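Trainee: attaching a predicted model along with its sequence, questions to come.
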Amino acid sequence: MYKVLVTYDMFREGFTELEERYEVTFPEGRDFTVEEVWEMIPEYDVLCSMFDFPVNKELIDHATNLKLVSNYAVGYNNIDVAYALSKGLTVTNTPGPVTAPTADIALGLMLDAARRITECDRKLRTLGKRMKVGVLENLGVPLTGKTLGIIGMGRIGKALAKRAAACGMEVIYHNRHQLYIDEETRLNVEYVSKEDLLARADFVSLNAPLTPETRHIIGESELRQMKPTAILINTARGPLVDERALVNALREGIIHGAGLDVFEFGDYPLPELLELDNVVLCPHIGTQTLETRIEMARAVSNNVIGFFENDRPITRVLHP
């Protein structure tokens with residue numbers, strides 16, 4: 001019987017079929033530490049890792065029986081994929097279940113930052129009746145009639161494009177590869193250069209994976225190419241944005257605002273961002289719904305079962 005090691009403490013509902021088929025080890029009440037996994041992994045055929053659990057060369061070499069790394073996330077920058085593939089391992093991820101909720105959060109951040117929802121809520125709570133509420137106070141900007149620029153037109157980018165269209169927005173995009181014309185027509189989107197996107201978009205949404213090429217895809221130069229009325233949204237990976245450059249841009253009015261669900265230096269934003277009213281901050285809640293978490297666990301399980309039984313499709317990561 002194959003042995004499966006799950007590094008994280010998660011709802012068991014999504015792992016029911018996996019437990020029926022194989023010997024599965026879970027942590028109890030907390031996630032396994034790197035040291036604990038190091039001790040156990042030589043005995044296991046499968047490692048089910050979380051998006052923040054490092055699967056590096058040393059661990060791969062130490063895991064002498066390992067055949068599959070099934071990551072609980074759409075992103076896989078926690079895994080040395082190139083080395084894993086060179087060692088004959090298979091790596092999988094869970095793009096399906098995260099698509100809709102992440103697109104929802106991106107749209108929510110757009111609405112919040114544009115209409116100053118969180119800012120007004122905060123002021124009402126702290127200022128009470130001292131908050132100015134006149135008809136020309138707290139003015140925001142609409143989504144309808146505005147242009148959304150999407151950088152990274154994968155599953156989440158396409159889902160966001162559909163939501164933006166429902167809000168009456170024009171959608172332009174930049175991607176490593178242009179979509180086929182029939183798909184562009186169906187989504188009603190226009191392919192443009194990155195420079196054109198930054199110059200035209202009222203909202204810029206980052207939906208690209210983190211790679212060496214996309215790190216700091218938005219830095220000081222890019223922020224200065226954006227409209228002073230533009231709003232930046234990042235629900236992908238924090239290091240896509242030079243966070244210190246973003247702080248300066250928000251302070252100086254180089255761009256109008258931002259909505260962030262991820263941060264460059266870990267789970268928390270730079271302290272300077274906490275002082276600014278023109279940025280909405282969330283602690284990586286893009287996939288934080290009960291239903292999504294269970295579906296992601298089920299996707300992890302399906303990847304493991306499909307790998308061994310070849311009875312269902314799996315979502316392979318084919319390159320770094």
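Mentor: In hand now; what should we look at? Numbers count the residues shown, from 1 in each chain.
Trainee: any idea which helix or strand comes after the one helix or strand residue 100 maps to?
Mentor: In the assignment (DSSP states H and E), residue 100 maps to helix 95-115. Following helix 95-115 in sequence order, the next helix or strand is helix 117-127 (DSSP H and E).
Trainee: list the buried residues in that following helix.
Mentor: Within helix 117-127, the residues that count as buried by 16 or more other Cβ atoms under 10 Å are 118-120, 123. To be clear about C-beta, it is placed using only N, CA and C from the backbone, and glycine gets the same treatment.
Trainee: hang on, the earlier thing: any idea of the angle the helix holding residue 100 forms with helix 117-127?
Mentor: 60 degrees (axes from the mean of the first three to the mean of the last three Cα atoms, to 10 degrees).
Trainee: coming back round to it: ok, so of the buried residues of helix 117-127, who is nearest residue 284?
Mentor: Distance to residue 284 across those (Cβ to Cβ) is lowest for residue 118, with 16.4 Å.
Trainee: okay but that closest one is in contact with residue 109, surely?
Mentor: No: applying Cβ atoms under 8 Å as the test, residue 118 and residue 109 come out as separate, 9.6 Å apart.
Trainee: joint contacts of these two?
Mentor: Overlap of the contact sets of residue 118 and residue 109 (by Cβ atoms under 8 Å, 6 or more residues apart in numbering) consists of residue 280.
Trainee: just the buried positions in the helix or strand hosting residue 251, please.
Mentor: Element membership for residue 251, per DSSP H and E: helix 243-252. For helix 243-252, burial by neighbour count (16+ other Cβ under 10 Å) applies to 243, 245-247, 249-250.
Trainee: is it possible to get CSV of those that adds distance to residue 198 and pLDDT?
Mentor: Converted to CSV, the buried residues of helix 243-252 look like this (distance: Cβ to Cβ, whole Å; pLDDT from 0 to 100):
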residue, distance to residue 198, pLDDT
243, 18, 98
245, 14, 98
246, 14, 98
247, 19, 98
249, 12, 98
250, 16, 98
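Trainee: give me the domain ranges for this structure.
Mentor: 3-93+289-309, 98-281 (automatic domain parsing).
Trainee: what's the average pLDDT for stretch 32-44?
Mentor: Mean pLDDT, stretch 32-44: 97.
Trainee: just the strands in this protein please.
Mentor: 3-6, 23-25, 46-50, 68-72, 90-92, 147-151, 170-174, 189-191, 203-206, 231-234, 257-260, 279-281 (DSSP state E).
Trainee: now distance to residue 271 and mean neighbour count too, for those, in CSV please.
Mentor: As requested, the strands of the chain are exported to CSV (distance: least, Cβ to Cβ, whole Å; neighbours: other Cβ atoms under 10 Å):
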stretch, distance to residue 271, mean neighbour count
strand 3-6, 35, 22
strand 23-25, 39, 16
strand 46-50, 27, 25
strand 68-72, 30, 25
strand 90-92, 36, 22
strand 147-151, 27, 25
strand 170-174, 32, 22
strand 189-191, 37, 18
strand 203-206, 22, 28
strand 231-234, 18, 28
strand 257-260, 14, 26
strand 279-281, 11, 21
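Trainee: what's the closest of the ones you listed to residue 34?
Mentor: strand 46-50 (10.6 Å).
Trainee: could you give the angle of the closest one to strand 68-72?
Mentor: Using the same axes, to 10 degrees: strand 46-50 against strand 68-72 is 20 degrees.
Trainee: what lies in contact with strand 46-50?
Mentor: 2-8, 22, 31, 37, 41, 55, 63, 66-73, 78-79, 300, 304, 307.
Trainee: what pairs with that strand, parallel or antiparallel?
Mentor: Sheet pairing of strand 46-50 (DSSP bridges) gives strand 3-6 (parallel), strand 68-72 (parallel).
Trainee: tell me the span between the first and last residue of stretch 266-283.
Mentor: Taking Cα to Cα, to the nearest Å as the measure, stretch 266-283 stretches 10 Å from start to finish.
Trainee: what about it, distance to the chain center?
Mentor: Relative to its chain's centre, stretch 266-283 lies at 17 Å (Cα atoms, centre = their mean, to the nearest Å).
Trainee: for residue 93, which non-adjacent residue is closest in space?
Mentor: Nearest non-adjacent residue to residue 93, counting by Cβ to Cβ, 6 or more residues apart in numbering: residue 71, 4.9 Å away.
Trainee: any chance of the strands paired with strand 46-50 in JSON lines, plus distance to residue 86?
Mentor: Below are the strands paired with strand 46-50 laid out as JSON lines (distance: least, Cβ to Cβ, whole Å):
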{"stretch": "strand 3-6", "distance to residue 86": "22"}
{"stretch": "strand 68-72", "distance to residue 86": "13"}
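Trainee: residue 148 and residue 174 touch, don't they?
Mentor: No: Residue 148 is not in contact with residue 174 according to Cβ under 8 Å; the separation is 12.0 Å.
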